[in-house]
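Colleague: this one's sequence-less:
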C-alpha cells in the first residue's frame, strides 16, 4: 500500500473503526442511499471476509473502497470519493490499491455491481479490464435501477 506522501497527494491505508465517522461524511455526500454507521462497524468487526481502505489527503479521509475476499474471488462492495475530491483520480487509485491487495490475498477474479446509468464508473472499471457479464434487475433500492455485474480476471 502506498506510504504517506507529500501534500496534495493522497495516501492509502486500511480503514479502522476510528475512521467510520469520517467515512460517513464521504458516504453521505456520495450516495443517495448511504450505508449506516452500524453497517461499517459490522463490516470491520464481524465480517472476516471484508477489507476496507481509505484515501487520506492532508489528514482528511476523502474516499474509501471495500472488498469481500471469498476463496479466490474478490467482490467490491463500495467505492466512494467525496464530491469535493472527484475528478482527481482518487477513485482510480483506490481501485488500483484494492486490486493489489486482493491479488496479494490470492484473489484471481474480481466482481462488482454498478448502476446502468453510471457511465463514469463503468469507464473507470473498464479501464481495469472489467467487462459486463450480466444484469441484476431492480438492484438499487432508491429507484429500482438495474445494475450491471462486471468481472475481471486478476491473474
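Modeller: Alright, I've got the coordinates. Since the model is a prediction, treat every value here as computed from it, not as a measurement.

Colleague: what about residue 107, which SS state?
Modeller: Following DSSP: H, G, I helix; E, B strand; the rest coil, we place residue 107 in the coil state.

Colleague: do you know how far residue 62 is from residue 18?
Modeller: Distance of residue 62 to residue 18, given as C-beta to C-beta, to the nearest Å: 16 Å. In this view, the C-beta of every residue, glycine as well, is placed from N, C-alpha and C.

Colleague: got it, and residue 25?
Modeller: The spacing between residue 25 and residue 18, counted by C-beta to C-beta, is 14 Å.

Colleague: So which other helices or strands are in contact with the top helix by length along the chain?
Modeller: In the chain, with assignment by DSSP state H, the single longest helix is helix 90-104. Contact analysis of helix 90-104 by 3 or more C-beta pairs under 8 Å, 6 or more residues apart in numbering; DSSP states H and E lists strand 11-14, strand 50-57, strand 60-70, strand 73-81, helix 119-127 as its packing neighbours.

Colleague: Can you list the strands that the second one pairs with?
Modeller: The sheet places strand 50-57 alongside strand 11-14 (antiparallel), strand 60-70 (antiparallel), with pairing taken from DSSP bridges.
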